[in-house]
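In: pasted the sequence and its predicted model underneath.
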Number of protein chains: 4
Amino acid sequence: MTTIKELQKEYAEFKQHRDWEKFHQPKNIAMSISIEASELMELFQWKDNVSIENIKSSEDLMRGIREELADVILYSLSMAQSLDIDIEKAVEEKLEKNKERFDKETSKEITKELEEWNSS
Amino acid sequence: MTTIKELQKEYAEFKQHRDWEKFHQPKNIAMSISIEASELMELFQWKDNVSIENIKSSEDLMRGIREELADVILYSLSMAQSLDIDIEKAVEEKLEKNKERFDKETSKEITKELEEWNSS
Amino acid sequence: MTTIKELQKEYAEFKQHRDWEKFHQPKNIAMSISIEASELMELFQWKDNVSIENIKSSEDLMRGIREELADVILYSLSMAQSLDIDIEKAVEEKLEKNKERFDKETSKEITKELEEWNSS
Amino acid sequence: MTTIKELQKEYAEFKQHRDWEKFHQPKNIAMSISIEASELMELFQWKDNVSIENIKSSEDLMRGIREELADVILYSLSMAQSLDIDIEKAVEEKLEKNKERFDKETSKEITKELEEWNSS
């Protein structure tokens, strides 16, 4: 199994071999993440919220999603590495924060509000 | 060390406990990834491509980057899990594809073109 | 009635009075347009495709949409002006191009494909 | 000179003739605006903040900017029309709000902070 650190190391080498660190500055990589996220989103454009099963049954769509998701994660891991951010720890901490922020009561209120919208 | 699969498992439980799987459909999560990526980008808005050292010396900026990056990755891992995409493998494959696509010659051409723009 | 050119003139003065032309470079403004578009999109996040009537009946939502749409257009007009792009003409030409690209047959095929997805 | 209302009318007809109003729901159009804004931004990706003159001297780049800007505005005008938003008035009001929000003192502080970042 490839770990996050191995993927980061491999991508760092990819940049070094091409002498591309100079272009991969955080501002530019933030743009890259956003651009790739938009390409991922484009795959769902005009479609209603179709079922997981239908999405999975389309080979073309799945291939696109897989590639765009990989791009988003690749650039995100690259930015984390450039800035010495321990990304597993950062994700873990954000998850804990979300658990506190969306406690039982708050979650129920959000659910109720969204259900009202979506049944309207 | 937390692995990707552990983070995905923990986030899946977060959704289940709140009965939020119904909102976390792939189209909506694609929008979420894009929105979080945009919030990350906003932190670099108006600033020129400032040095890594300067970014790292700003505690506020680093806290923001860390949180937004975590959000991007959290939603991306969540989508991968919903659609049974082995994300380590997908990233690994994309990296191999990039290595082939940006071979020595192509990379040099891109570098040359960008250097011309950036010195203009 | 305010025309596009009047809005552009007024916004140009807004930037000049604050000595902000130096920050409003095309790359930065492209980021701004994308960030504002994302804030607009966030207003529809988690909601299904709800009816026009329901959206219009929510004062809060309408106020948000109105403001974010205005931001998107303001920055877009600003970029057009900086680069001497006649934006009415550009929009008019794009519309003509779309009419040709999406001729009767092509449009029908797209409609059919999307209807299949959305009824699945 | 084509006015905003004329462009909106023409685009409304474009949608009607193709029976595409059903796809052009506000949530989907918000995604479209974001996707087009991202395509605009991609044209500036990896390039430093190059001068207006250099951008204008590249025919290819200018053609791209012109088209993507037109797409952003076209979708924005379309959403405004669907939701009965008087867009000239909305932009005018947002501009007035910005003038108040960024008064002399606030603007100077922002400028100072950004100049410190950009000279660092």
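Out: In hand now; what should we look at? Residues are numbered from 1 along each chain as shown, chains lettered A, B, ... in the order given.
In: from chain A, which residue is nearest to chain D?
Out: Chain A approaches chain D most closely through residue A:38 (3.5 Å), counting by Cβ to the nearest Cβ. Every residue, glycine included, has its C-beta placed from N, CA and C.
In: show the contacting residues for that residue.
Out: Applying Cβ atoms under 8 Å, 6 or more residues apart in numbering or on different chains, we find residue A:38 in contact with B:34, D:34, D:35, D:38, D:39.
In: excluding chain neighbours, what is closest to the first one?
Out: Which is residue B:34. Leaving aside its chain neighbours, residue B:34 sits nearest to residue A:37 (4.2 Å; criterion: Cβ to Cβ, 6 or more residues apart in numbering or on different chains).
In: okay, now that neighbour: neighbour count?
Out: As a burial measure, residue A:37 scores 33 neighbours (other Cβ atoms under 10 Å in any protein chain shown).
In: angle of the helix or strand harbouring the residue of chain A closest to chain D against helix C:26-42?
Out: Element membership of residue A:38, judged by DSSP states H and E, is helix A:26-42. Using axes from the mean of the first three to the mean of the last three Cα atoms, to 10 degrees, the direction of helix A:26-42 lies 40 degrees away from that of helix C:26-42.
In: which element follows the helix ranked longest in chain A toward the C-terminus?
Out: Ranked by residue count and defined by DSSP state H, the top helix of chain A is helix A:59-82. Sequence order places helix A:87-101 as the next helix or strand after helix A:59-82, per DSSP H and E.
In: quick one on the thing from earlier: for the longest helix of chain A, name the packing helices and strands.
Out: Helix A:59-82 is packed against helix A:4-18, helix A:26-42, helix A:52-56, helix A:87-101, helix B:26-42, helix B:59-82, helix B:87-101, with contacts defined by 3 or more Cβ pairs under 8 Å, 6 or more residues apart in numbering or on different chains; DSSP states H and E.
In: turn these into a markdown table, including mean pLDDT.
Out: A markdown table is the format used below for these (pLDDT from 0 to 100):
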| stretch | mean pLDDT |
| --- | --- |
| helix A:4-18 | 94 |
| helix A:26-42 | 97 |
| helix A:52-56 | 93 |
| helix A:87-101 | 95 |
| helix B:26-42 | 97 |
| helix B:59-82 | 97 |
| helix B:87-101 | 95 |
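In: write out the residues of chain A neighbouring chain D.
Out: For chain A, the residues in contact with chain D (Cβ under 8 Å from any Cβ of the partner chain) are A:23, A:28, A:31-32, A:34-35, A:38-39, A:41-42, A:44-46.
In: weed out the non-buried ones from those residues.
Out: Buried subset of the residues of chain A next to chain D (neighbour count, 16 or more other Cβ atoms under 10 Å in any protein chain shown): A:23, A:28, A:31-32, A:34-35, A:38-39, A:41-42, A:44-46.
In: biggest separation within those residues, which pair?
Out: Pairwise distances across those peak at 33.5 Å for A:23 and A:46 (criterion: Cβ to Cβ).
In: buried stuff in the helix or strand that contains residue A:112?
Out: Per DSSP H and E, residue A:112 falls inside helix A:104-118. Judged by neighbour count using 16+ other Cβ under 10 Å, the buried positions of helix A:104-118 are A:107, A:114, A:117.
In: contacting residues around it?
Out: Surrounding helix A:104-118, the residues in contact under the criterion Cβ under 8 Å, 6+ apart are A:102, B:18, B:19, B:20, B:23, C:46, C:47, C:48, C:50, C:54.
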